[in-house]
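Student: Sequence plus the predicted model coming up.
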Amino acid sequence: MSGSVETGGGKPDAPPGTGPDAGRAPEPPAIDRAAALAEGAPGIPTQFIWWVLGVILVVSLGGLLAEHLFSSSGLNPTPATTTTAPNPVHTAPAGTPAPPAPDRSVDAPLASFMGLTAPGPRRATPFVLTDQHGQPVSVPAQQARVVVLTFFNAPCNDICPVLASEIQQADADLGARSGDVEFVTVNTDPSALAASAETPAVEGTGLGALPNWHMVTGPLTSLNPLWKAYGVSISLDTKTGLEAHNDVMDFLDPEGVVRYRATPFADESSTGTFTLAASSEARWAQGMANYAGRLVVP
């Protein structure tokens with residue numbers, strides 16, 4: 001008989017299209033690790049970088065705005081120190097000898113004793129402020145008069161006592177010419193700006209009795225540029241309330257031109273009291289009368 005012969009123990013033939021691994025999940029493709037390492041770490045997206053920078057900027061601006069609001073409302077106060085810078089320093093030409101140091105001895109030449117210089121004719125910076133009587137005072141003077149311009153504070157706790165004595169003596173030394181001279185003192189204390197005839201500089205020194213002396217003051221917005229224009233540098237310690245400044249004295253002719261500048265001085269004690277020997281006060285007063293008198297128009 002002819003026909004197919006089964007082989008003992010054999011397996012039936014697999015259907016077409018099937019293999020021994022039929023039914024298993026396909027394996028993932030092999031990873032080329034060497035190539036991946038060669039490519040390096042993936043870069044940070046550019047949009048992410050810009051987003052981070054934007055967040056930092058917003059946070060910074062927010063902090064500054066908050067600090068400004070707190071400071072404005074007094075929650076974060078800052079020291080209220082008022083400081084003005086002196087006039088710009090002009091460099092002398094090469095070879096110009098340095099000015100001699102002032103000789104403060106009573107027997108010294110008057111110009112040296114007063115530290116007097118003639119800076120070259122220049123018009124004084126004009127201003128209008130209020131005096132101790134509440135009246136406006138202008139510099140240059142409305143009437144053609146010589147002006148001796150000084151700077152000290154109304155509480156009179158700086159060089160004021162010394163200058164007050166010198167001004168009174170100078171007015172007496174001028175004699176008949178005192179009617180042609182005005183003594184104008186600008187207040188230098190940013191914490192005491194009110195005009196009053198009862199301030200120590202007026203009531204406690206005797207200067208208030210002089211009809212040709214004026215203690216002038218005004219708002220800080222007016223005084224600050226004025227101090228700067230005349231080379232007066234002022235600082236205020238907000239903790240102690242003490243004010244400090246340099247001392248200058250200008251002599252203006254009747255046309256409002258600065259003709260001389262002097263440097264007042266006094267001796268300061270360890271307690272902050274200013275004094276000067278009577279002989280030095282008298283010498284300074286004579287100098288004030290001398291140089292102011294030179295500017296009086298006959």
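Tutor: Great, that's in hand.
Student: so Thr263 makes contact with Val232?
Tutor: No - Thr263 is beyond contact range of Val232, at 12.0 Å (criterion: C-beta atoms under 8 Å). Heads up, the C-betas are built off the backbone N, CA and C, glycines and all.
Student: how about Thr125, secondary structure?
Tutor: coil (DSSP: H, G, I helix; E, B strand; the rest coil).
Student: Distance of it relative to Phe183?
Tutor: To Phe183, Thr125 is 18 Å away according to C-beta to C-beta, to the nearest Å.
Student: Looking at those two, which is more packed in?
Tutor: Phe183 (23 against 14; other C-beta atoms under 10 Å).
Student: Assumed Pro285 was part of a helix.
Tutor: Careful, residue 285 is Ala; it's not Pro. Yes - membership of Ala285 in a helix is supported by three-state DSSP.
Student: residue contacts, it?
Tutor: Contacts for Ala285 (C-beta atoms under 8 Å, 6 or more residues apart in numbering) come out as 165-170, 172-173.
Student: what's the nearest residue to it if we skip its chain neighbours?
Tutor: Nearest-residue entry for Ala285: Gln169, 3.4 Å, with adjacent residues in sequence omitted and distances by C-beta to C-beta, 6 or more residues apart in numbering.
Student: That neighbour touches Arg283, doesn't it?
Tutor: No - under the criterion of C-beta under 8 Å, Gln169 makes no contact with Arg283, lying 9.8 Å away.
Student: for this protein, what are the low-confidence residue spans?
Tutor: 1-45, 48-101 (pLDDT under 70).
Student: Give me the domain ranges for it.
Tutor: The record's domain parsing of the chain by automatic domain parsing lists 53-80, 110-294.
Student: And the ones you listed: which comes nearest Pro102?
Tutor: domain 110-294 (3.9 Å; C-beta to C-beta).
Student: Span of that closest one from start to end?
Tutor: 14 Å (C-alpha to C-alpha, to the nearest Å).
Student: just the helices in the stretch 151-298 of the chain please.
Tutor: For the stretch 151-298 of the chain, helices defined by DSSP state H, counting those that start in this stretch occupy the ranges 160-174, 200-203, 220-229, 278-294.
Student: And the third one, what does it pack against?
Tutor: With contacts defined as 3 or more C-beta pairs under 8 Å, 6 or more residues apart in numbering; DSSP states H and E, helix 220-229 has these neighbours: strand 127-130, strand 181-186.
Student: my read: Ala229 touches Thr125, true?
Tutor: Yes - with contact defined as C-beta under 8 Å, Ala229 counts as touching Thr125 (3.9 Å).
Student: Any chance of the helices and strands packed on helix 220-229 in JSON lines with distance to Thr275 as columns?
Tutor: Shown next, in JSON lines, are these (distance: least, C-beta to C-beta, whole Å):
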{"stretch": "strand 127-130", "distance to Thr275": "29"}
{"stretch": "strand 181-186", "distance to Thr275": "19"}
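Student: Go through the ones you listed and pick out the most buried.
Tutor: strand 181-186 (a mean of 24; mean count of other C-beta atoms under 10 Å).
Student: list the helices and strands that one packs on?
Tutor: Strand 181-186 packs on strand 146-151, helix 160-174, strand 213-216, helix 220-229, going by 3+ C-beta pairs under 8 Å, 6+ apart.
Student: and Ser112, helix, strand or coil?
Tutor: Relying on three-state DSSP, one would call Ser112 helix.
Student: if I look at it, how far off is Arg104?
Tutor: 8 Å.
Student: Thr263 and Val232: which has the busier surroundings?
Tutor: Neighbour comparison, Thr263 and Val232: the larger count goes to Val232, with 19 against 14 (by other C-beta under 10 Å).
Student: what's around the closest residue to that one other than its chain neighbours, how many residues?
Tutor: Using C-beta to C-beta, 6+ apart and skipping residues adjacent in sequence, the residue nearest Val232 is Phe151, 5.3 Å away. When neighbours are defined as other C-beta under 10 Å, Phe151 has 26 of them.
Student: ok, now Arg177?
Tutor: 15.
Student: what's the answer for the one 10 residues further on, then?
Tutor: Burial of Asn187 is recorded as 25 neighbouring residues (other C-beta under 10 Å).
Student: Now do the phi/psi pair for it.
Tutor: Note on Asn187: backbone dihedrals following degrees, to the nearest 10 are phi -60, psi 140.
Student: Distance of it relative to Leu116?
Tutor: 24 Å.
Student: Met116 reaches Asn290, doesn't it?
Tutor: Not quite, residue 116 is Leu, not Met. No - the pair Leu116 and Asn290 fails to qualify as a contact (C-beta under 8 Å) at a distance of 9.9 Å.
Student: Excluding chain neighbours, what is closest to Tyr260?
Tutor: The nearest residue in space to Tyr260 (C-beta to C-beta, 6+ apart) is Phe251, at 4.1 Å.
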